[in-house]
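Peer 1: everything below, folded, please.
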Amino acid sequence: MNKKFLVTCLSVLFVSWGYAQEDVTDSIEGEAVDMPEGILVSEDELMSDYTNATNLTAGTGTSRVLSYSDSVLVSRLSRIPTTIDLPLNDVTRKYIDTYSTRMKNSVAIMLGSSNFYNPIFEEALERHGLPLELKYLPVIESGLRPTATSPVGAAGLWQFMLATGKRYGLEVNTLVDERRDPIKASEAAAQYLSRLYGMFGDWSLAIAAYNCGEGNVQKALIRSGNQDGADFWSIYDRLPRETRGYVPAFIAATYIMNYYCEHGIVPHEASLPLESDTVVVQRDVKFSQIAAKCNITIDELRAINPQYRKDIVPADYVLRLPAGTVEEFLVKEDSIYGVAPGSGAFLSSTRRSVVSDVEEAPVERAAATTTTTSRSYTSSSRSNASSSRSSKTKTRSTDKKSRSSRDTRSRKQKTQSVSVKSGDTLSSIAKKNGTTVSKLKKMNGLKGDMIHPGQSVRVK
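Peer 2: Just a heads-up that it's a prediction; the model follows:
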């Protein structure tokens, strides 16, 4: 009896282990192929994302599993209007089945969250003249989560490795990781994909190179001995194991994001987040300082500013806020910078005072200086407090007149414009010129965020 019980338990254990393994790899013609990260993300993990949890609700309707013949799938793939080849074969069929069956609940969530990110992806891809279907790459890369980080260190919606991200202008330091910035990362991804297509002249090879690097694809082409007219499938068995599953997963994601309804998948309903705007901060500032003064939670700040790794916005960087909060931030700006939440103590303007609780000291962007005002305020004795206050009142009065004079002269200055360079965005131009995206739009009569190289943009 005991032996039978033990054998039964071991059998269950091995069967369970087999199913667990099936979640990580699939056997294709007897060969193990790694699933891309985005396919492995569970629905619980997707809904732990703040933006998803706050803005998505389960769709109304009954989810059901529906299967179709190869001929139907071929017909549907052929009707997707794209210049990217989307073949159906044993490999791509397996990934379509994965998305439409055991991943259908995750697909429903990603269909909802695509409402937040697809406009950003499409704008960047359109700006570079690329197929808009490339917006489905982040589905298999990150499951549409800006804070996603892979075991090998790739980060963000587009899963940039550190070196590749920096090559395409994404800043990464102790406090900032622009690989997590949806707008900047999308621009970098569009530039990278454009370069890869220029190298290989075939989208399946360009997509494969996005996953494993252009060097690995070039080596596979050389080893195949068929560089002219080669595509992904002609070098399939010479590519890294993960990449063999990457292009098929992209084809399957493109299919399911277009034909989810035919497979009985009910998308999560999305209520779009509040409209946001940007402001350039004048000093290093913690999310906790902003939250304490501007009626916004730290979680909300993290959700719309995922690029800040330690909940600190360094001086001269862009902070994104709900549109209605920007004015409140500007009105309270001095107190936000100067007072630590709950302490009432004036902070030094040096970076050290702001990031004293950071594990690793950041590289200085500029030489930090401590304001004379803060030193004299904290060191002044009670005995001369009255004369100090009198002196400060006179100083404020003089400063007011001086500021008033400067403001008058400033208003009389001529308008200034800049010429848009390749890679520029309204956000980056606003940051360089100490203004906000909404002001740039208003001054230039822009309805959207689209700008193009050579365009003249008024900044003052």
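Peer 1: can you give me the helices in the stretch 1-150 of the chain?
Peer 2: 2-24, 43-47, 50-55, 70-79, 90-100, 104-127, 137-142 (DSSP state H, counting those that start in this stretch).
Peer 1: got the buried residues for the shortest one?
Peer 2: Within helix 43-47, the residues that qualify as buried are 43, 46-47, counting by 16 or more other Cβ atoms under 10 Å. C-betas here are computed from N, CA, C, even on glycine.
Peer 1: ok, residues contacting it?
Peer 2: For helix 43-47, the surrounding residues in contact (Cβ atoms under 8 Å, 6 or more residues apart in numbering) are 52-53, 56, 105-106, 108-110, 113, 143-145.
Peer 1: now do the strands in the stretch 201-350 of the chain.
Peer 2: 269-270, 276-280, 285-286, 312-313, 318-322 (DSSP state E, counting those that start in this stretch).
Peer 1: low-confidence bits of the stretch 201-350 of the chain, can you list those?
Peer 2: Applying pLDDT under 70 to the stretch 201-350 of the chain flags the ranges 274, 339-350.
Peer 1: residue 251 reaches residue 93, doesn't it?
Peer 2: No. With contact defined as Cβ atoms under 8 Å, residue 251 does not reach residue 93; the gap is 9.8 Å.
Peer 1: the more surrounded of the two?
Peer 2: For residue 251 versus residue 93, the count of surrounding residues by other Cβ atoms under 10 Å is larger for residue 251: 29 against 16.
Peer 1: take the buried residues of helix 43-47 and write them to a markdown table, including distance to residue 209.
Peer 2: Below are the buried residues of helix 43-47 laid out as a markdown table (distance: Cβ to Cβ, whole Å):
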| residue | distance to residue 209 |
| --- | --- |
| 43 | 31 |
| 46 | 28 |
| 47 | 33 |
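Peer 1: any idea what the residue lying closest to residue 162 once chain neighbours are set aside is bridged to?
Peer 2: Closest residue in space to residue 162, ignoring its immediate chain neighbours: residue 172 at 5.9 Å, by Cβ to Cβ, 6 or more residues apart in numbering. Going by DSSP bridges, residue 172 is paired in beta bridges with residue 177.
Peer 1: burial measure for residue 172, as a count.
Peer 2: As a burial measure, residue 172 scores 18 neighbours (other Cβ under 10 Å).
Peer 1: can you check the pLDDT for it?
Peer 2: If you check residue 172, the pLDDT there is 96.
Peer 1: ok, it touching residue 181?
Peer 2: No. At 10.8 Å, residue 172 and residue 181 do not qualify as touching, with contact defined as Cβ under 8 Å.
Peer 1: in this structure residue 82 contacts residue 133, no?
Peer 2: Yes. Counting by Cβ under 8 Å, residue 133 is a contact partner of residue 82 at 4.5 Å.
Peer 1: ok, back up a step: buried members of the contacts of helix 43-47 into ChimeraX, please.
Peer 2: Of the contacts of helix 43-47, the buried ones can be selected in ChimeraX as follows, counting by 16+ other Cβ under 10 Å:
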select :52,56,105,106,108,109,110,113,143,144,145
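Peer 1: list the contacts for the closest residue to residue 291 other than its chain neighbours?
Peer 2: Counting by Cβ to Cβ, 6+ apart, residue 298 is the residue found nearest to residue 291 once chain neighbours are left out, at 5.0 Å. Counting by Cβ under 8 Å, 6+ apart, residue 298 makes contact with 287-288, 291, 311.
Peer 1: neighbours around the closest residue to residue 51 other than its chain neighbours, how many?
Peer 2: Counting by Cβ to Cβ, 6+ apart, residue 303 is the residue found nearest to residue 51 once chain neighbours are left out, at 5.1 Å. Residues lying near residue 303 (other Cβ under 10 Å) number 20.
Peer 1: quick one, what contacts residue 303?
Peer 2: With Cβ under 8 Å, 6+ apart, residue 303 has these contacts: 50-51, 54, 273.
Peer 1: among those residues, who's most crowded?
Peer 2: Neighbour count (other Cβ under 10 Å) singles out residue 51 as the most crowded of the contacts of residue 303, with 22 neighbours.
Peer 1: from residue 197, how far off is the most centrally placed residue in the chain?
Peer 2: The residue lying closest to the centre of the chain (Cα atoms, centre = their mean) is residue 182, at 3.0 Å. Here the criterion is Cβ to Cβ, to the nearest Å. By it, residue 182 lies 22 Å from residue 197.
Peer 1: what about the residue nearest to residue 291, distance to residue 334?
Peer 2: Noted for residue 298: a distance of 21 Å to residue 334, by Cβ to Cβ.
Peer 1: between the contacts of helix 43-47, which is closest to residue 256?
Peer 2: Of all these, residue 256 sits closest to residue 110, with 9.2 Å by Cβ to Cβ.
Peer 1: the closest one contacts residue 144, correct?
Peer 2: Yes. Assessed by Cβ under 8 Å, residue 110 is found in contact with residue 144 at 5.2 Å.
Peer 1: need the distance between the two termini of stretch 225-244.
Peer 2: By Cα to Cα, to the nearest Å, the extent of stretch 225-244 from end to end equals 19 Å.
Peer 1: hang on, the earlier thing: the contacts of residue 303 into CSV, with extra columns for distance to residue 151?
Peer 2: Listed next are those as CSV, based on distance: Cβ to Cβ, whole Å:
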residue, distance to residue 151
50, 22
51, 23
54, 27
273, 29
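Peer 1: nearest spatial neighbour of residue 184, skipping sequence neighbours?
Peer 2: residue 178 (4.8 Å).
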